[in-house]
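Visitor: Mind looking at a prediction? Sequence and model below.
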Amino acid sequence: MSSTSKLTTESLSVDFDTWQLPGIELHQLMDDLRAQAPVVPVSFLGERVWLITDHAHVAAGFRDNNIFPPHTPYKIGIEPVIGETFQSMAGDRHRIFRKLATPTFRPRSVEQIDNDMLTSVANELIDSFINQGEVDLISVFTERYPFVVIARLLGIPKEEEEQFHRWAMAILRFRSNPEKAMTCRDELWKYLDPVIADRRKYPKEDVISQLIHHELDDIQMTDEQVKSHVAIMFTAGSSTTHDSLGNILYALLVNNDNWQRVKKNPELRALSIEETLRWEPAVSILPRMSRSEEAIEFGGVTIEPNTFVLFGICAANHDASVFNDPHDYQIGRNVEAMMTFGPGPRMCPGMHLARKELSVTLDLLIERLPNLRLIDPEGSKPCGTVFRSPQRLLCNF
């Protein structure tokens, strides 16, 4: 067997759609694949696709939207259930609707978001379980916090927040249960129709009003576009933040020395957040597609048109040619080169709010639960390939 045949056979045995690969297993696999080639064939959604395994080629892929158009996977993956959003648009339409959809998430706007609101949400959730003594932090805190924050920013009444969480989680699971996702989408649309009509007549200081009334190049969102962009905030925006929150709590609690360090030294907390974003990014692998016009040469292979290409964000973040001892969690290391938020013109617009939410919640958890302890480290490892986080964090305090 030739080396090329061996590479294809070994790589294609890796299923990046269903494998869980907890903890270090994913990163060791990426090391093995990177040692073979910067771009390797793997299995994803039952197809033979390409995985980018090293930092240099992941960075190059992010920065070239011509060979890997970023909107195509969103048109396939999420547009069928919530409709068109800026994520599934290209060219000037993407530029315009991204600006229309994200004024609240720009750095200056995030700075102005009331810290008291963020703290209030965290306190409400902590109050709901603090007398229990032992809880799964994923189910009672990390999974809920970002959704409640988005609901408050949108101006959703508190008594409706649980319903919005149910709708969002069902839409997120569109692939596994499309019928339920579409039903919940219809319920969400039915709820939003009178809300949007009211905000058109009587704007408030909330994100829905901004989506309705913000204008750029004489373009404003239609009602359908407003609904689609509300849905994308609840799904893609909130889910990655709750995954990141689970990852940072695991990283700090699995090694009690890390928890003690950030508890005693507040200046280390922002550094621990940045290292977690590198060490276990919530979006571990980002699916893109090659352009439709013609085959491309990339990373030493020929990629046919309209072929899935998986950007190995976790592989880039653990590339030893860029980060020393990359599998070690080192608070304070230089992480400027991490690929977590996707460099280039499609950099994640929600990263500033995500960082602020992580900072507020970490401070408050340390203040109110200083003796927080992870009970089952082995069962709490982050897992998954595309999206990655602990499935549970059983803790006492």
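Guide: Everything's here; your move. Numbering: from 1, shown residues only.
Visitor: just the strands in the protein please.
Guide: Remark: strands assigned in the chain by DSSP state E are 39-44, 47-52, 134-136, 285-289, 296-298, 301-303, 308-312, 373-374, 394-396.
Visitor: could you say what helices and strands the shortest one packs with?
Guide: Packed against strand 373-374, as judged by 3 or more C-beta pairs under 8 Å, 6 or more residues apart in numbering; DSSP states H and E, are the following elements: helix 238-253, strand 394-396. For glycine as for every other residue, the C-beta is placed from the backbone atoms N, C-alpha and C.
Visitor: picking up where we left off before, to Leu268, which of the strands of the chain lies closest?
Guide: strand 373-374 (18.8 Å; C-beta to C-beta).
Visitor: And the contacts of the closest one?
Guide: The contact list for strand 373-374 (C-beta atoms under 8 Å, 6 or more residues apart in numbering) reads Tyr250, Leu253, Val254, Asn256, Ser380, Leu393, Leu394, Cys395, Asn396, Phe397.
Visitor: returning to what we had before: so which of the strands of the chain is the most packed in?
Guide: Mean neighbour count (mean count of other C-beta atoms under 10 Å) peaks for strand 308-312 among these, with a mean of 25.
Visitor: Each with direction, which strands does it pair with?
Guide: strand 47-52 (parallel), strand 285-289 (antiparallel) (DSSP bridges).
Visitor: What pLDDT is listed against Gly77?
Guide: For Gly77, the model assigns a pLDDT of 86.
Visitor: do Ala168 as well
Guide: pLDDT, Ala168: 89.
Visitor: how much space is there between the closest residue to it other than its chain neighbours and Ile82?
Guide: Nearest residue to Ala168, sequence neighbours excluded (C-beta to C-beta, 6 or more residues apart in numbering): Phe234, at 4.0 Å. According to C-beta to C-beta, to the nearest Å, Phe234 and Ile82 sit 9 Å apart.
Visitor: which helix in the chain runs the most residues?
Guide: helix 178-201 (DSSP state H).
Visitor: Export it to CSV, keeping only CA atoms.
Guide: Output in CSV follows, covering the C-alpha atoms of helix 178-201 (Å, rounded to 0.1, in the frame of the first residue of the first chain):
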residue,chain,number,x,y,z
PRO,A,178,-36.4,18.6,12.2
GLU,A,179,-40.1,18.2,12.9
LYS,A,180,-39.8,19.5,16.4
ALA,A,181,-37.5,22.3,15.2
MET,A,182,-39.9,23.5,12.6
THR,A,183,-42.8,23.4,15.1
CYS,A,184,-40.9,25.5,17.6
ARG,A,185,-39.8,27.9,14.9
ASP,A,186,-43.5,28.4,14.0
GLU,A,187,-44.3,29.0,17.6
LEU,A,188,-41.5,31.5,17.9
TRP,A,189,-42.6,33.3,14.7
LYS,A,190,-46.2,33.5,16.0
TYR,A,191,-44.9,35.0,19.3
LEU,A,192,-42.7,37.5,17.5
ASP,A,193,-45.3,38.8,15.0
PRO,A,194,-47.2,41.1,17.4
VAL,A,195,-44.0,42.0,19.2
ILE,A,196,-42.5,43.3,16.0
ALA,A,197,-45.7,45.1,15.0
ASP,A,198,-45.7,46.8,18.4
ARG,A,199,-42.0,47.8,18.2
ARG,A,200,-42.5,49.3,14.8
LYS,A,201,-45.1,51.7,16.3
